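Undergrad: any chance you can model this:
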Amino acid sequence: MVDFTGMTLEQLENFDRTTLDTKERKKLKRKLGKIRKKAQAQGSAHTANSTNPLEGNSFIKQPVAPKFFSEKPEQLEGAVQPLFIGTDNPRPIIEHSDQYITPIEGEYNLDMNWAGPETPVVMQYPNGFPTGEWQPYAGSKNTNMAEALESERVMNSSEYAISCLRRGAAVHRQTRRWIQSFIKPGMDISSCVDHVDRTNRKLIGYDPLNPTACGLAFPCGMSVNECAAHYQPMPGETRIFNKSDVVKVDFGTHVDGFVIDSAFTVAWDDEYLALLDCARDATNTGIATAGADVRLCDVGEAIEEVMLSYTVAGKQVQPVRNLTGHMVGKYRVHAGKSIPLYNNNDTTKMLEGETYALETFASTGLGVVDHDGPSSHFMINFAKFNEPINNRKERDLMAVLKNQFSSLAWCHRWLKQIGTTKYMPTLRNLIRNNFVNDYPPLTDFGKENGKACHVAQFEHTFIIGDTGKEVFTRCDDY
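TA: A predicted model of the protein is given here:
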C-alpha cells in the first residue's frame, strides 16, 4: 500500500495513478479531498478578489480550471509535429465511478500511453488554414476556391467565419486520422471517446479558463450497430468493440461558435463494407446536388435514389427517414433548415451563405429510429436560453452550463471533468421544465436476418457559395 503521508497537494495531483490499484486510488482520492477542503477553509482556494463567475456555485466543488492538458503547449521551433501517429498499444481500460454525484479525481488527466498529435493547428498553419474541397456549380466559370474568392459576389459569411470553420475542419481531419490509426476490436469504447476529446482539445487550442471560445461542439458519438446516433458509454459502463460491429464516430469542433460537424463509420467485417459505401456514396451525392436555390426535397430524392440501389446482407438498404442533415449556426449544431434523406416534398430552397452538415444514415433495418436507453447528450433549450429561472439550484446549474458550453451540447463526463457534483435531480427538473433538452440514443429496431440490424453514417460540413460549395471537412479518408 502506497503511503501518501507528507505529500503536497501538487505531488498528489500529479501522482502516477497507473501504478495504483483500486483501493490505493480511493485512498489517494480521500487524501486529495481532505487537503483541498483544508486549503479552501484557509482561503487559499479562492481569493477575496476572485472574478470567477461561478464563485460560490453549489454545483462546483473546486475552481473551474480543469487540467485536460498543459495550459502552455510545448513550442516547437522550426518543426511541426507529425500529424498522425499510430500505436499498437491502445490506452488501457479506465475505471469510472458509477455514481453521477461523485467527481472523478484526475481520471481524465492520465497519459495512459496517449501519443496523439498535440501541436495546435494555429501553430501548424501560421499563414492561414487549408481550404476544403471546392465544388463549382455546373457551368460556373470559377473552378477553384481561389478564383471564387476573387469573384464579384463572394459568400455572405465573413472571412473571419470562414477562417474559423477551416480551423475547426483542420482539427477534425487530424483527430479522426489519429483515431482511425488505432481503433480496433477489443478496445474500450470509453477510452476511444477520451482519445477523441483529448486530441480535439489539444489541436483546437482549448482554454479551460475560457471554455466557450473554442473546443468540442458536442459529445463524441460512438454509436454501434443498430444504434444510429447519440450513444457514448455512461459513467461506469464498460463496453468494447467487437469484430462484427459497425461503429459510427460522430464528433464536432467549434471556433468562436462556428461549428464543424462530421462523421464516419468503421467496420471490420467485410460483409458490411458495402453498407459503408452506401452511406458514403449517398452523402457525396447529396453534397453534389446541394447548392444555391436548390430545393431540399430534391437533395433528399437524390440521396434516397442512391440508398435504394444498394443491397447488404440480402436486404435492400433503407435511408433512415426520421433523421436529417441540418444547417449549423453560431453556437448551434442544428439551426433552421433540415436536409431530408428522401423526397419529403419540402420545396424550401438552400441559399447562398448557409452552412450545412449533410449526414446520411444507411440501414439494413426499417429505416426509422426511436429512443433507446438513457441520455448521454444534453443541450440548453435555445428558445429558453435567457429565460429567468426561479429555483436557486436550477439557476446555479444553468450558470455552470452556460459558462462551460453556451448553447452547445454536453455530456455527463464533461460535467465530471470540471468537478460538477450532485446535479442529477436538478438536471431532471431543468429537463422537465424544458430548459434543457436531452438526446437519448436513437436505434433502428428493425431486423436483419432475424438479428439486430446495422446502420452506417457519413457526414460533411460545407458552405453554399455563389459559384460553388466549399466542403470544409473533406479529406482523403472520406
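Undergrad: so where's the protein shaky on pLDDT?
TA: 1, 9-18, 35-115, 140-157 (pLDDT under 70).
Undergrad: go with 80
TA: Per-residue confidence for the chain (pLDDT under 80) gives these ranges: 1-26, 28-116, 139-157.
Undergrad: where along it do the helices fall?
TA: Secondary structure of the chain, counting by DSSP state H: helices at 9-13, 22-41, 121-124, 145-149, 159-180, 189-204, 273-289, 296-307, 392-405, 412-417, 424-432.
Undergrad: only C-alpha atoms, please: export the longest one in CSV.
TA: In other words, helix 159-180. The C-alpha trace of helix 159-180 is given here as CSV (Å, rounded to 0.1, in the frame of the first residue of the first chain):
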residue,chain,number,x,y,z
GLU,A,159,-13.7,36.0,-43.9
TYR,A,160,-13.4,35.5,-40.2
ALA,A,161,-16.2,32.9,-40.1
ILE,A,162,-14.6,31.0,-43.0
SER,A,163,-11.3,31.0,-41.2
CYS,A,164,-12.9,29.7,-38.0
LEU,A,165,-14.6,26.9,-40.0
ARG,A,166,-11.4,25.9,-41.7
ARG,A,167,-9.5,25.9,-38.4
GLY,A,168,-12.2,23.6,-36.9
ALA,A,169,-12.1,21.4,-40.0
ALA,A,170,-8.3,21.0,-39.8
VAL,A,171,-8.7,19.8,-36.2
HIS,A,172,-11.4,17.4,-37.2
ARG,A,173,-9.3,15.9,-40.0
GLN,A,174,-6.3,15.3,-37.9
THR,A,175,-8.3,14.0,-34.9
ARG,A,176,-10.1,11.4,-37.0
ARG,A,177,-7.0,10.3,-38.8
TRP,A,178,-5.4,9.7,-35.4
ILE,A,179,-8.5,7.7,-34.2
GLN,A,180,-8.6,5.7,-37.4
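Undergrad: including mean neighbour count and distance to Phe385, could the helices of the chain go into TSV?
TA: (C-beta placed from N, C-alpha, C; glycine too.) Shown next, in TSV, are those (neighbours: other CB atoms under 10 Å; distance: least, CB to CB, whole Å):
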stretch	mean neighbour count	distance to Phe385
helix 9-13	13	35
helix 22-41	14	32
helix 121-124	18	29
helix 145-149	17	34
helix 159-180	23	21
helix 189-204	23	23
helix 273-289	22	31
helix 296-307	22	27
helix 392-405	19	8
helix 412-417	22	18
helix 424-432	16	12
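Undergrad: closest one to Phe258 among those?
TA: Across the helices of the chain, the minimum distance to Phe258, taken as CB to CB, is reached by helix 159-180, at 3.9 Å.
Undergrad: just want the angle from the closest one to helix 189-204.
TA: Angle, helix 159-180 to helix 189-204, by axes from the mean of the first three to the mean of the last three CA atoms, to 10 degrees: 140 degrees.
Undergrad: name the helices or strands packed onto helix 159-180?
TA: Judged by 3 or more CB pairs under 8 Å, 6 or more residues apart in numbering; DSSP states H and E, the packing partners of helix 159-180 are helix 121-124, helix 189-204, strand 246-255, strand 258-267, strand 455-464.
Undergrad: so which of the ones you listed gets nearest Ile162?
TA: Between the helices and strands packed on helix 159-180, strand 455-464 lies closest to Ile162; by CB to CB that is 7.4 Å.
Undergrad: who are the packing partners of the closest one?
TA: helix 159-180, strand 227-229, strand 246-255, strand 258-267, helix 273-289, strand 355-363, strand 468-471.
Undergrad: quick check: which of the ones you listed is nearest to Asp207?
TA: For the helices and strands packed on strand 455-464, the distance to Asp207 is smallest for strand 246-255, at 11.9 Å, taking CB to CB.
Undergrad: which neighbours does that closest one have in its sheet, and in what orientation?
TA: According to DSSP bridges, strand 246-255 has the following sheet partners: strand 214-224 (antiparallel), strand 258-267 (antiparallel).
Undergrad: quick check, Lys202 in contact with Val121.
TA: No - Lys202 sits out of contact with Val121 when judged by CB atoms under 8 Å, with a separation of 9.9 Å.
Undergrad: quick one on the thing from earlier: relative to Gly336, which of the helices of the chain is closest?
TA: helix 296-307 (11.0 Å).
Undergrad: for the closest one, the distance to its chain's centre please.
TA: How far helix 296-307 lies from its chain's middle: 26 Å, per CA atoms, centre = their mean, to the nearest Å.
Undergrad: and stretch 180-188, by the same measure?
TA: 18 Å.
Undergrad: close enough to count as contact, Asn391 and Arg432?
TA: No - applying CB under 8 Å as the test, Asn391 and Arg432 come out as separate, 11.5 Å apart.
Undergrad: can you put the helices and strands packed on strand 455-464 in CSV and add distance to Gly325?
TA: Formatted as CSV, these follow (distance: least, CB to CB, whole Å):
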stretch, distance to Gly325
helix 159-180, 16
strand 227-229, 12
strand 246-255, 13
strand 258-267, 9
helix 273-289, 7
strand 355-363, 4
strand 468-471, 13
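Undergrad: right, so of those, which gets closest to Ala399?
TA: Minimum separation from Ala399 across the helices and strands packed on strand 455-464 (CB to CB) falls at strand 246-255, 20.6 Å.
Undergrad: buried set for that closest one?
TA: Using 16 or more other CB atoms under 10 Å as the burial criterion, the residues of strand 246-255 that qualify are Val246, Val247, Lys248, Val249, Asp250, Phe251, Gly252, Thr253, His254, Val255.
Undergrad: before we move on, the earlier item: mind checking the helices and strands packed on strand 455-464 for the one nearest to Arg321?
TA: It is, among the helices and strands packed on strand 455-464 and with distance given as CB to CB, strand 355-363, at 9.3 Å.
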